[in-house]
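Novice: how would this look folded up:
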Amino acid sequence: MERPNVPKRLFWEFRYEAIDWSIEYAAVIERVIERGTEPEWEELIKFYGREKVINTLKNDTNYLPDEIINDVCKYFKLDPITLKCFIRKN
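Specialist: Modelled structure (predicted):
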């Protein structure tokens, strides 16, 4: 699989065809988690692996809205204090 099956609409300001899905994984994960649906989250997990998605959320994602942080914690069974974006807000 060359890229995750996520919609172009999530990347409106990018040249979708030019995204390097391997190198730009942190931006891709943040964008899909923030603006995508749970089936699109599952697509990230298929493409990158659950561990990489979780590690990115914990260590690289600088911002997520509070509602999405709550959704992420429920979906991935995480404590919010393990997320960089939560720590930065508090």
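Novice: For the residue nearest in space to the middle of the chain, list the residues it contacts.
Specialist: The residue at the geometric middle of the chain, judged as the C-alpha nearest the mean C-alpha position with CA atoms, centre = their mean, is Ile29 (2.7 Å). Ile29 makes contact with 44, 48, 52-53, 56-57, 60-61 under the criterion CB atoms under 8 Å, 6 or more residues apart in numbering. The C-beta positions use only the backbone N, C-alpha and C, and glycine is treated the same way.
Novice: Just the pLDDT at it, thanks.
Specialist: In the predicted model, Ile29 carries a pLDDT score of 98.
Novice: Pull up the gap between the closest residue to it other than its chain neighbours and Glu17, please.
Specialist: Computed as CB to CB, 6 or more residues apart in numbering, the closest residue to Ile29 that is not its neighbour in sequence is Thr56, at 4.6 Å. Here the distance between Thr56 and Glu17 works out to 23 Å (CB to CB, to the nearest Å).
Novice: of these two, who's got more company?
Specialist: A count of neighbours by other CB atoms under 10 Å puts Thr56 above the other of Thr56 and Glu17, at 20 against 7.
Novice: What is the helix or strand containing the more buried one packed up against?
Specialist: Counting by DSSP states H and E, the secondary-structure element that holds Thr56 is helix 50-59. Contacts defined by 3 or more CB pairs under 8 Å, 6 or more residues apart in numbering; DSSP states H and E place helix 50-59 against helix 25-35, helix 38-48, helix 66-76, helix 84-89.
Novice: Show me how to select, in PyMOL, the buried members of the contacts of Ile29.
Specialist: Of those, the buried ones go into a single PyMOL selection, burial set by 16 or more other CB atoms under 10 Å:
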select buried, resi 44+48+53+56+57+61
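Novice: what's in contact with the helix holding Thr56?
Specialist: 25-26, 29-30, 33, 41, 44-45, 48, 72, 76, 78, 82-85.
Novice: Show me just the buried residues among these.
Specialist: Of all those considered here, the ones buried according to neighbour count by 16+ other CB under 10 Å are 25-26, 29-30, 33, 41, 44-45, 48, 72, 76, 78, 83-85.
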